[in-house]
Structures are given as structure tokens and as C-alpha cells.
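Participant: Structure for the following, please:
(one chain, ligands or ions: 2)
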Amino acid sequence: MGSYVIALDQGTTSSRCILFDEQGNICSVAQKEFTQIFPQPGWVEHDPMEIWSSQLSVTMEAMGKIGAHNSDIAAIGITNQRETTIVWDKETGEPIYHAIVWQCRRTADRIERLKSDGLESLIVERTGLIPDAYFSGSKIEWILDHVEGARERAERGELLFGTVDTWLIWNLTKGCIHVTDYTNASRTMLFDIHKKCWDEDILDYFRIPKSMLPDVKPSSCVYGYTSSDVMGGKIPIAGAAGDQQAALFGQCCFEAGEVKNTYGTGCFLLMNTGNKAVRSEHGLLTTIAASDQEQIQYALEGSVFVAGAAVQWLRDEMRMVRSASQTEEYCGAVEDTGGVYMVPAFAGLGAPYWDQYARGTIVGVTRGTSKEQFIRATVESMAYQVSDLIEAMEQDSEIHLKQLRVDGGACANSFLMQFQSDLLNTQILRPKCIETTALGAAYLAGLAVGYWKDKEEIKKNWKVANTFESHMEEERRKKLIKGWKKAIKCARFWSEDED
Ligand SMILES: Nc1ncnc2c1ncn2[C@@H]1O[C@H](COP(=O)(O)OP(=O)(O)O)[C@@H](O)[C@H]1O
Ligand SMILES: O=P(O)(O)OC[C@H](O)CO
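Facilitator: Ligands and ions are numbered 1, 2, ... in the order given. Below is the predicted model:
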């Protein structure tokens, strides 16, 4: 058995590879940002070949850094930005269009049509999702309708669809394996999460041939082996999960009621609900959680489209900070935002509002508003959005959350974590390893090949690094949240009547 498990963490903004040892320590890491393509306002694309080449190059780099050879690797686990849609030619392996990214709003009107066609409740019942342009279904249809000859080719069985996990496995195996796992399938809006199969009625509605779709397997199993031409040897690909489900697993939230929140490009709050698919009454999604067993586990999820991405916007478009981490210093330089709120609804609003037409909004600005306050309002917007999610989750589960496990790039910001704890009146636990997405994928792969014996062994690796306790008075908390709800009202429906 090799000494390390590799996690390929293909995120929205970067491709990353991490080598973990048995204690869950990071032994080597390499990361590369890749191009974000914005062809029109509200549209987001990636180049699938760049996704693949960046992922392969960081894998080689991470292995090279510690001189690891193929024989040192026990297994590979894959975790990925979910919903992002790629369609390629079965023979040549060439994508027929760019990857349409989860954040892309191009099919928003199509989803409105789906609702007026009366399909909303069927989608909710079978897929656990709330119809939205976020998911893969309408993106596949868009590609088939807009790329010349695509629909005919798809009907002839010449095209394949995959989310990013599927695309990576296809390339790692040199076109031998076309597969996805339950967690990724559950984000397509085409998968019946109760019957565990592609839903024929939804496929018919979007006119998507079933032959395009990958086989669906558990998150922890040997899907196949890397091609020697690609990796120089055969390594088992033994785990795959959407990044948020992988993070839930990496945080060791194995029991029903356990919750984590990831602060990355977006924010994703997931609660394990065990073998029960809980239906939300408050705008959350029912989704499949990663599991090391055949039997499916479910989760309730709150998805926020723009979180850390708003900080990138401060850096790249507003040019107010040189780095994301510099925001912490600016936030600490002022007492408060002076009543300024920023709602980063750049791509509409996800949970719990599901408003495709909301847009970014800044309110409460006065002549005295400073740059520091503007930055602080942007950072605070992450915490407010999570507080909306927690409110919905507490209403659905009737449990007051006493603790929240956090991870993702932006959870390194201690100002944000303290403000989050204050706003929620909840203890925040930041673990030693905040690369829990990658760790979750590694655990899923390692369990499948016996690198780790069971979840009990894995649990011992989870350790807290920092705890944040709430210090805010109830009255102030209430006042701040009231202001946020007012700001949300201003952002909603903004672009509804645009052409
Ligand atoms: N110290 C920080 N303060 C605020 N935001 C941060 C900080 N560090 C990183 N971020 C934000 O976190 C995101 C990166 O987190 P990561 O988990 O790597 O994202 P992803 O997996 O979505 O690509 C970026 O959007 C970045 O702006
Ligand atoms: O790339 P991330 O970490 O922001 O995650 C993206 C999500 O999977 C989208 O659903």
C-alpha cells in the first residue's frame, strides 16, 4: 500500500492537488488559478481543456515536490465544483463548447418557462432541488440547442455529458470510463434522489438523450485506474464527491444533525440528515451526502452563490485590496460599517431567496463612508448570507445550532469568523486542517482501498485549531440583521424586466 492518498480538488477558481498521509496531514500541495471567462453579463464559462491541464500539472507538481512516485500513492480521490457542465465528443474527447459554470445565469428565463410549464413540484419532489439555472439540466439543453448539430450528434450517441468529476475521470483513464458519483448526479436536476436513477420524465422534457449521461456509483469505490500514458502508472481512482459533500465528509459530520459551512467562492451550509431525505419548507435543497457505504445518506443544503468571490471582486475589479487576506486588516480598522450593507447578488440570490433576478446592491452609503467600511460591509455580507441559511435550517430542523464547523479559503479571516459567531450567537470551530474538501475526497478514496479502516479511525484526525465565541449583545444583533433584511429587499427582482 502506498504512503499517501492524493486528492484532486478542482474548484471554481483554481485546481489544487494535495497529498495526505494517514493522520490527515498535508504532505504536499500545489495549486493553480485558471481563466474565468465572462462572455456576457451574468454568463460564466471555463475552458475544459484548461481545467484538465491545470489539474494534471498541479498533480505532477505536488508529487514532484516530495519525490512521490506512482507506487507511493494508495489511491486518488476527486472533488469538484459541482453542476458545471461539459459536453464532449465520445471519439475525440474534444469538448464541443466551453464548460458552463454553476454560477452562469444564461438559462434563467428557461427556468421561468419550466415553472410556467408546471414542472416545479415534480422537480422538487424527485430531485430535491429548487428549479434554477444553477443546476446542470438547463445548461446541457442550452449546449444542445446552441452548438450547431449538437442535438443530432447527441441523439446519434456521439456526445457525452459530465460534471467536472466525470470529465477528470474520463481524461485520467484516457477515455475509458464515463462515470459520476451520487453526490454530483444529485446536482444535475436530472436525477431522482429517492429512486437513485436518471429521471426519464425530466430527460424527455429537456430532450436530453440518456446515452449522454454517465453511470452513477457510490462516492467511495474503485471507479477504475489511471492510464499509464497519463500518470506513468496505474493508480486506483477510488473516491469522488462534489466539493461541498466532500467537505461535509472531511469535517467528519457523519451523524445526522452535524453541520459544516464552507466559505469559498460561494458559501455552502450542509447538514447531514442521515438516511432521511428531509424536505425543506424554507428554501433549502435536499441533496445526497457522500458516504462510504452503498446505502445513501442525505443532506440539507443552503447554497450562496457569491461569498469569497465578492472579496475577489474587491481585489480585481474595485482594486481596493492587493490580496484577499488584506481585507482582515481593513475590517479591523473601523468600529463598524456605519450602516452600509453590501448584498453581493452578482449572480442572483440562491438560498433561501432563489431570486434569479436579484443583483449586487450597496445601501446606506453617506458622504462619510470610508473605503474600510466598504470593505468591511463586503466581508460582513458573507456572514449575513450564512445567517440567513442557518435561520432556514433551524426552522426546518427545529434545532438551535450550538456549534458550526467551518472551512474554505475565507474562513482564514478571523474577523469574519468572530463576526459570524456574534451574528449567529453560536460557537464557531475552525479545524486545524481547513482543506477539508480535499481531505474528504482523500478519505472517500482511502476507505475504498483500505488505506483507512473505517470512519472511527478517520474521526481521530479531526482537531480544532480555533474557537470563536459570541460577544455581541442581542439588541445589536437584532438591529444588524434587520438592516440586512432591508438591504436584501433592495437587491431583489432588480433585473427582472430587462431585455
Ligand atoms: N483571508 C481572507 N479573507 C476573505 N476572503 C478570503 C480570504 N482568503 C481567501 N478568501 C476568499 O476565499 C476564496 C477562495 O477560497 P477557496 O476555498 O480556495 O475557494 P474555491 O474552492 O471556491 O475556489 C476566494 O474567493 C477568496 O477571495
Ligand atoms: O468551487 P467552490 O468551492 O466555490 O464550490 C462550488 C460549488 O460546488 C457550487 O455548487
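Participant: The helix or strand containing Cys331 vs ligand 1: in contact?
Facilitator: Under the assignment given by DSSP states H and E, the secondary-structure element containing Cys331 is helix 326-332. Yes: counting by CB under 6 Å from any ligand atom, ligand 1 has neighbours in helix 326-332: 327-328. The way it works is simple: take the backbone N, C-alpha and C, and place the C-beta from them, glycine included.
Participant: What of stretch 299-318?
Facilitator: Yes: using CB under 6 Å from any ligand atom, a contact is recorded between stretch 299-318 and ligand 1, made by 308-309, 311-312.
Participant: Report how far apart the opening and closing residues of that stretch are.
Facilitator: 37 Å (CA to CA, to the nearest Å).
Participant: if we can go back for a sec, so how far is the helix holding Cys331 off the chain centroid?
Facilitator: Counting by CA atoms, centre = their mean, to the nearest Å, helix 326-332 is centred 26 Å from the centre of its parent chain.
Participant: which of the residues in that helix are buried?
Facilitator: Within helix 326-332, the residues that qualify as buried are 327-328, 330-331, counting by 16 or more other CB atoms under 10 Å.
Participant: Tell me the helix or strand right after that helix.
Facilitator: Per DSSP H and E, the first helix or strand lying C-terminal to helix 326-332 is strand 341-343.
Participant: what lines up beside that following strand in the sheet?
Facilitator: Sheet pairing here is set by DSSP bridges, and for strand 341-343 it gives strand 361-363 (antiparallel).
Participant: Next, the residues that contact the strand it pairs with from outside, please.
Facilitator: The list of residues contacting strand 361-363 from outside it, by CB atoms under 8 Å, 6 or more residues apart in numbering, reads 340-343, 345, 374, 377, 486-487, 490-491, 494.
Participant: Let me see the ranges of the helices in the stretch 51-200 of the chain.
Facilitator: Remark: helices assigned in the stretch 51-200 of the chain by DSSP state H, counting those that start in this stretch are 108-116, 120-127, 136-146, 150-155, 164-172, 182-185, 200-206.
Participant: Mind giving me the packing neighbours of the second one?
Facilitator: In other words, helix 120-127. Packed against helix 120-127, as judged by 3 or more CB pairs under 8 Å, 6 or more residues apart in numbering; DSSP states H and E, are the following elements: strand 191-192, helix 200-206.
Participant: quick one, which of these is nearest to Ile237?
Facilitator: Relative to Ile237, the nearest member of those by CB to CB is strand 191-192, separated by 21.0 Å.
Participant: Show the average pLDDT along the closest one.
Facilitator: Per-region confidence: strand 191-192 scores 97 on mean pLDDT.
Participant: That strand pairs with which strands, parallel or anti?
Facilitator: Counting by DSSP bridges, the strands paired with strand 191-192 are strand 197-198 (antiparallel).
Participant: Show me how far the strand it pairs with is from its chain's centre.
Facilitator: For strand 197-198 - counting by CA atoms, centre = their mean - the centre lies 22 Å from the chain centre.
Participant: likewise stretch 92-110?
Facilitator: For stretch 92-110, the separation from the chain centroid amounts to 16 Å (computed by CA atoms, centre = their mean).
Participant: Give the burial count for Trp142, as a bare number.
Facilitator: Here the number of neighbours of Trp142 (other CB atoms under 10 Å) works out to 20.
Participant: circling back: who wins for most neighbours among the residues of stretch 299-318 next to ligand 1?
Facilitator: Neighbour counts for those were taken using other CB under 10 Å; the highest belongs to Val311, with 29 neighbours.
Participant: Spell out the residue ranges of the strands in the stretch 151-300 of the chain.
Facilitator: Using DSSP state E, counting those that start in this stretch, the strands of the stretch 151-300 of the chain run over residues 159-162, 179-181, 191-192, 197-198, 215-217, 220-225, 236-242, 259-263, 267-272, 285-289, 297-304.
Participant: make that the stretch 1-150 of the chain, sorry
Facilitator: 4-10, 14-20, 26-33, 45-46, 73-80, 86-89, 99-100.
Participant: Please see if the first one touches ligand 1.
Facilitator: No: contact between strand 4-10 and ligand 1 is absent, the nearest approach being 7.1 Å (criterion: CB under 6 Å from any ligand atom).
Participant: Show me what that strand is packed against.
Facilitator: Identification of packing neighbours for strand 4-10 by 3+ CB pairs under 8 Å, 6+ apart yields strand 14-20, helix 48-65, strand 73-80, helix 164-172, helix 436-449.
Participant: near ligand 1, which residues of the stretch 251-400 of the chain show up?
Facilitator: 264-265, 308-309, 311-312, 324-325, 327-328.
Participant: so which of the strands of the stretch 1-150 of the chain comes closest to Leu284?
Facilitator: Using CB to CB as the measure, strand 73-80 is the one of those that comes nearest Leu284, at 21.6 Å.
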